[in-house]
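Asks: let me see the structure of the following:
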Amino acid sequence: MRYSRGFKEAVLKKVLPPESRPVKEVGKEVGVNSWTIYQWMRSAREGTLAETGGELRPRDRNPGEKLRLVIEGNALSEEQRGEWLREQGLHSEHLSEWEQELRDIVTDKDQKLRQELAETKKKLKETERELRRKDKALAEMAALIALKKKADAIWGDDEEG
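Replies: Residues are numbered from 1 along each chain as shown. As a prediction, the model looks like this:
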(Lines give C-alpha, C1' and ligand atoms only; values in the text may rest on other atoms or scores of the structure.)
Protein backbone atom coordinates (compact mmCIF):
# COMPACT_ATOMS: atom_id res chain seq x y z
CA MET A 1 0.00 0.00 0.00
CA ARG A 2 1.23 3.48 -0.79
CA TYR A 3 1.15 6.24 1.79
CA SER A 4 1.36 9.96 1.22
CA ARG A 5 4.38 11.94 2.33
CA GLY A 6 2.19 13.81 4.81
CA PHE A 7 1.04 10.57 6.41
CA LYS A 8 4.61 9.28 6.65
CA GLU A 9 5.74 12.53 8.25
CA ALA A 10 2.87 12.43 10.75
CA VAL A 11 3.84 8.88 11.75
CA LEU A 12 7.52 9.81 12.01
CA LYS A 13 6.66 12.74 14.29
CA LYS A 14 5.21 10.21 16.73
CA VAL A 15 8.21 7.87 16.76
CA LEU A 16 11.01 10.43 16.61
CA PRO A 17 11.92 12.92 19.36
CA PRO A 18 10.37 14.77 21.13
CA GLU A 19 7.49 12.22 21.35
CA SER A 20 9.72 9.14 20.90
CA ARG A 21 6.87 6.64 21.18
CA PRO A 22 7.56 2.94 20.52
CA VAL A 23 7.39 2.02 16.85
CA LYS A 24 5.19 -1.05 17.48
CA GLU A 25 2.67 1.04 19.45
CA VAL A 26 2.45 3.71 16.75
CA GLY A 27 2.28 1.03 14.05
CA LYS A 28 -0.74 -0.59 15.74
CA GLU A 29 -2.36 2.80 16.23
CA VAL A 30 -2.11 3.85 12.58
CA GLY A 31 -2.34 0.38 11.01
CA VAL A 32 1.14 0.27 9.50
CA ASN A 33 3.67 -2.55 9.89
CA SER A 34 6.53 -1.60 12.21
CA TRP A 35 9.13 -2.59 9.58
CA THR A 36 7.58 -0.09 7.18
CA ILE A 37 7.98 2.64 9.80
CA TYR A 38 11.63 1.62 10.31
CA GLN A 39 12.18 1.98 6.55
CA TRP A 40 10.60 5.44 6.66
CA MET A 41 12.93 6.37 9.54
CA ARG A 42 15.93 5.20 7.52
CA SER A 43 14.73 7.14 4.47
CA ALA A 44 14.24 10.25 6.62
CA ARG A 45 17.80 9.95 7.98
CA GLU A 46 19.16 9.56 4.46
CA GLY A 47 17.02 12.43 3.20
CA THR A 48 15.22 10.26 0.65
CA LEU A 49 11.79 10.12 2.29
CA ALA A 50 10.31 12.63 -0.17
CA GLU A 51 11.60 10.55 -3.08
CA THR A 52 10.09 7.24 -1.91
CA GLY A 53 6.59 8.10 -3.10
CA GLY A 54 4.79 11.10 -4.48
CA GLU A 55 1.59 12.55 -3.12
CA LEU A 56 -1.32 10.22 -3.34
CA ARG A 57 -4.52 11.09 -5.05
CA PRO A 58 -7.31 11.68 -2.53
CA ARG A 59 -9.09 8.44 -3.46
CA ASP A 60 -5.89 6.39 -2.92
CA ARG A 61 -5.60 7.25 0.77
CA ASN A 62 -6.30 4.58 3.36
CA PRO A 63 -9.10 4.94 5.96
CA GLY A 64 -6.65 5.70 8.79
CA GLU A 65 -5.15 8.58 6.87
CA LYS A 66 -8.57 9.83 5.85
CA LEU A 67 -9.67 9.86 9.49
CA ARG A 68 -6.54 11.76 10.51
CA LEU A 69 -7.09 14.32 7.78
CA VAL A 70 -10.79 14.76 8.62
CA ILE A 71 -9.95 15.34 12.28
CA GLU A 72 -7.14 17.76 11.45
CA GLY A 73 -9.28 19.62 8.92
CA ASN A 74 -12.25 19.98 11.27
CA ALA A 75 -10.02 21.33 14.03
CA LEU A 76 -8.93 24.30 11.90
CA SER A 77 -10.69 27.60 11.42
CA GLU A 78 -12.20 28.29 7.99
CA GLU A 79 -9.26 30.52 6.96
CA GLN A 80 -6.64 28.05 8.13
CA ARG A 81 -8.50 25.15 6.53
CA GLY A 82 -8.20 26.62 3.03
CA GLU A 83 -4.43 26.90 3.28
CA TRP A 84 -4.16 23.49 4.91
CA LEU A 85 -6.27 21.91 2.15
CA ARG A 86 -4.00 23.39 -0.52
CA GLU A 87 -0.93 22.04 1.30
CA GLN A 88 -2.51 18.58 1.45
CA GLY A 89 -3.66 18.71 -2.18
CA LEU A 90 -7.31 18.34 -1.20
CA HIS A 91 -10.65 20.08 -1.65
CA SER A 92 -13.23 20.65 1.05
CA GLU A 93 -15.50 18.12 -0.67
CA HIS A 94 -12.94 15.40 0.06
CA LEU A 95 -13.28 15.96 3.79
CA SER A 96 -17.08 15.84 3.63
CA GLU A 97 -16.98 12.75 1.46
CA TRP A 98 -14.49 10.98 3.74
CA GLU A 99 -16.45 11.89 6.84
CA GLN A 100 -19.54 10.23 5.36
CA GLU A 101 -17.45 7.26 4.22
CA LEU A 102 -16.06 6.80 7.73
CA ARG A 103 -19.57 7.08 9.23
CA ASP A 104 -20.74 4.35 6.84
CA ILE A 105 -17.83 2.12 7.87
CA VAL A 106 -18.70 2.56 11.55
CA THR A 107 -22.42 1.97 10.88
CA ASP A 108 -21.67 -1.20 8.89
CA LYS A 109 -19.44 -2.52 11.67
CA ASP A 110 -22.10 -1.69 14.25
CA GLN A 111 -24.73 -3.60 12.25
CA LYS A 112 -22.40 -6.58 11.85
CA LEU A 113 -21.66 -6.61 15.57
CA ARG A 114 -25.38 -6.48 16.41
CA GLN A 115 -26.04 -9.35 14.02
CA GLU A 116 -23.19 -11.41 15.51
CA LEU A 117 -24.49 -10.69 19.00
CA ALA A 118 -27.99 -11.88 18.03
CA GLU A 119 -26.57 -15.07 16.48
CA THR A 120 -24.44 -15.71 19.56
CA LYS A 121 -27.43 -15.23 21.87
CA LYS A 122 -29.45 -17.67 19.75
CA LYS A 123 -26.66 -20.28 19.89
CA LEU A 124 -26.33 -19.79 23.65
CA LYS A 125 -30.07 -20.31 24.11
CA GLU A 126 -29.95 -23.52 22.04
CA THR A 127 -26.94 -24.77 23.97
CA GLU A 128 -28.63 -24.08 27.32
CA ARG A 129 -31.77 -25.92 26.12
CA GLU A 130 -29.64 -28.91 25.07
CA LEU A 131 -27.80 -28.87 28.40
CA ARG A 132 -31.09 -28.89 30.36
CA ARG A 133 -32.32 -31.82 28.25
CA LYS A 134 -29.14 -33.80 28.91
CA ASP A 135 -29.25 -32.96 32.64
CA LYS A 136 -32.82 -34.34 32.80
CA ALA A 137 -31.80 -37.50 30.92
CA LEU A 138 -28.82 -37.99 33.24
CA ALA A 139 -30.99 -37.54 36.35
CA GLU A 140 -33.52 -40.04 34.96
CA MET A 141 -30.77 -42.56 34.27
CA ALA A 142 -29.35 -42.13 37.78
CA ALA A 143 -32.83 -42.70 39.26
CA LEU A 144 -33.29 -45.87 37.17
CA ILE A 145 -29.92 -47.24 38.28
CA ALA A 146 -30.77 -46.52 41.93
CA LEU A 147 -34.15 -48.29 41.55
CA LYS A 148 -32.48 -51.28 39.86
CA LYS A 149 -30.00 -51.59 42.74
CA LYS A 150 -32.84 -51.46 45.30
CA ALA A 151 -34.86 -54.01 43.38
CA ASP A 152 -31.84 -56.29 43.13
CA ALA A 153 -31.22 -55.91 46.86
CA ILE A 154 -34.84 -56.72 47.72
CA TRP A 155 -35.61 -59.55 45.24
CA GLY A 156 -32.12 -60.69 44.51
CA ASP A 157 -30.23 -60.62 41.26
CA ASP A 158 -32.05 -62.39 38.38
CA GLU A 159 -28.76 -63.37 36.75
CA GLU A 160 -27.63 -65.57 39.70
CA GLY A 161 -30.10 -68.29 38.98
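
Asks: elements contacting the longest helix that the chain contains?
Replies: In the chain, taking DSSP state H as the definition, the longest helix is helix 92-155. In terms of contacts (3 or more Cβ pairs under 8 Å, 6 or more residues apart in numbering; DSSP states H and E), helix 92-155 is packed against helix 63-75, helix 78-88. (Glycine included, C-beta is placed from N, CA and C.)

Asks: center of this protein - which residue?
Replies: K109 (9.4 Å; Cα atoms, centre = their mean).

Asks: contact partners for it?
Replies: The contact partners of K109, by Cβ atoms under 8 Å, 6 or more residues apart in numbering, come to none.

Asks: where does this protein dip in pLDDT?
Replies: Residue ranges of the chain with pLDDT under 70: 1, 50-60, 158-161.

Asks: could you chop it up by domain?
Replies: 1-56, 62-153 (automatic domain parsing).

Asks: packed most tightly, which of the ones you listed would that be?
Replies: Per residue and on average, the most neighbours among the domains of the chain fall to domain 1-56, with a mean of 15 (mean count of other Cβ atoms under 10 Å).

Asks: can you lay out the helices and strands packed on helix 92-155 as TSV showing distance to I105?
Replies: Shown next, in TSV, are the helices and strands packed on helix 92-155 (distance: least, Cβ to Cβ, whole Å):
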stretch	distance to I105
helix 63-75	7
helix 78-88	21
